[in-house]
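Colleague: Build the 3D model from these lines:
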Amino acid sequence: MTKPIAVVAFGGNAILDAGDDGSFTTQLEKAKAACRQMLAILHQGYQLILVHGNGPQVGNLLIQFEKASDVIPVPPLDVAVATSQGLLGHMLEISMRTVLEEDRMQREVATVLTQVVVSRDDPAFAQPTKPIGPFYSREQAEHYRQTEGWHVVEDSGRGWRRVVCSPLPRKVLELNTIKYLAENDTVVIACGGGGIPVNYLTDSVVGTDGVIDKDATAALLAYNIGAERFIILTGVPQVCLDYGKPTERTVDAMTVAEARSWLEAGQFPSGSMGPKIRSAVEYVEKGGAEAIITSQDNIVAAMQQSGTCTRIVK
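Modeller: Next comes the predicted model:
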């Protein structure tokens, strides 16, 4: 009998946070800590697919590309996403193999370089909103706007940043490969950074300038692959209503209807919890049993139905 599949989405800042030194050694140790938490899912009898974010790592790559631009041409953004998939996939493979050996558990581990189709008619292409990369002075930002055609915006008084489009994911091209591996006792690392954005502007697949929300892609993967669990890890153990206000309160469980109502009421902003709630709702609406939103250190208890988390159900 085939084991059930769990898809877990977690941010790139779980491996590289703002206060870290940025070294490979530091990121590797944090990746191992994250993978040790994931063992709880395997112990519950699930096959495991990991979908990681890449925000901090892509930001660093863009800085490296910029610093070397007088020597090597700067590659397009889809290449930066692909590069981060390889970097983080390598790091997570090392980490998962290490913790599996510590636990004496037999599993293969594989990273799948993943292309995700977006629609060339997506309205996001007409309105870039996703900040990426380092901060610039006004003069630097204007230079890149004129010479590279970048869209740039002032970011909360901290400087100017490039913004790119963030289209919705439509199809995971490597879906069957990912499913085959997962069903055959392989821990799969896939759809990193939301996937490498591609579309069909010509007769074949071509890379596209943009970034895809990793939670949206993880949800797309989860319901198309028939995953029985979809887990989104974030910085807090539970979703809150009236976050940051005196009336703040946690939510143990919410129905799809409640989630949609609270989204419309502005409870979950687009820049924080909004994409996670939308992704959880989509997964459940498309046939998933339940989605779980919690923090990394609550995975064990959440999988045992006894921990602090928020469950989204039909």
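
Colleague: and Thr111, which of the three is it?
Modeller: Under the three-state scheme (DSSP: H, G, I helix; E, B strand; the rest coil), Thr111 adopts strand.

Colleague: swap that for Tyr180, please
Modeller: Quick answer, by three-state DSSP: Tyr180 is helix.

Colleague: Can you give me the distance of it to Ala219?
Modeller: 20 Å (CB to CB, to the nearest Å). Backbone N, C-alpha and C define where each C-beta goes, glycine included.

Colleague: and the lengthiest helix in the chain, what does it pack onto?
Modeller: Counting by DSSP state H, the longest helix found in the chain is helix 77-102. On a contact count with 3 or more CB pairs under 8 Å, 6 or more residues apart in numbering; DSSP states H and E, helix 77-102 meets helix 24-43, strand 47-52, helix 55-67, strand 108-112, strand 186-190, strand 196-199.

Colleague: Tell me the buried residues in it?
Modeller: With burial defined by 16 or more other CB atoms under 10 Å, the residues of helix 77-102 counted as buried are 77-78, 80-85, 87-89, 91-93, 95-96, 99-100.

Colleague: Neighbour count: Tyr180 and Ala219, which is higher?
Modeller: With neighbours defined as other CB atoms under 10 Å, Tyr180 and Ala219 compare such that Ala219 has more, 31 against 12.

Colleague: Tell me how many other residues crowd Lys130.
Modeller: So Lys130, with other CB under 10 Å, has 18 neighbours.

Colleague: I'd guessed it sits against Arg162; true?
Modeller: No. The pair Lys130 / Arg162 is not scored as a contact, 9.3 Å apart, by CB atoms under 8 Å.

Colleague: residues making contact with stretch 93-107?
Modeller: With contacts defined as CB atoms under 8 Å, 6 or more residues apart in numbering, stretch 93-107 is touched by 28, 31-32, 34-36, 38-39, 42, 50, 109-111, 185-187, 189.

Colleague: give me that answer again for 6 Å
Modeller: Residues from elsewhere that reach stretch 93-107 (CB atoms under 6 Å, 6 or more residues apart in numbering): Ala31, Lys32, Cys35, Arg36, Leu39, Val109, Thr111, Asp185, Val187.

Colleague: mind putting those residues in CSV, neighbour count, pLDDT and distance to Asp122 included?
Modeller: CSV is the format used below for these (neighbours: other CB atoms under 10 Å; pLDDT from 0 to 100; distance: CB to CB, whole Å):
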residue, neighbour count, pLDDT, distance to Asp122
Ala31, 24, 91, 32
Lys32, 18, 94, 37
Cys35, 24, 94, 34
Arg36, 18, 93, 38
Leu39, 20, 93, 38
Val109, 20, 98, 33
Thr111, 20, 98, 27
Asp185, 13, 95, 37
Val187, 26, 98, 32
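
Colleague: what about the stretch 201-314 of the chain, any weak spots by pLDDT?
Modeller: 202, 306 (pLDDT under 70).

Colleague: Show me where it has its strands.
Modeller: 206-207, 229-234, 239-241, 249-251, 253-255, 290-295, 310-313 (DSSP state E, counting those that start in this stretch).

Colleague: Quick check: which of the ones you listed is buried the most?
Modeller: strand 229-234 (a mean of 26; mean count of other CB atoms under 10 Å).

Colleague: tell me what that strand is packed against?
Modeller: strand 5-10, strand 290-295 (3 or more CB pairs under 6 Å, 6 or more residues apart in numbering; DSSP states H and E).

Colleague: tell me the angle that strand makes with strand 47-52.
Modeller: Orientation check (axes from the mean of the first three to the mean of the last three CA atoms, to 10 degrees): strand 229-234 against strand 47-52 gives 30 degrees.

Colleague: contacts for strand 229-234?
Modeller: Residues from elsewhere that reach strand 229-234 (CB under 6 Å, 6+ apart): 6-10, 215, 222, 276, 283, 288, 291-293, 296.

Colleague: which stretches of the stretch 1-150 of the chain aren't confidently modelled?
Modeller: Scanning the stretch 1-150 of the chain for pLDDT under 70 picks out 1.
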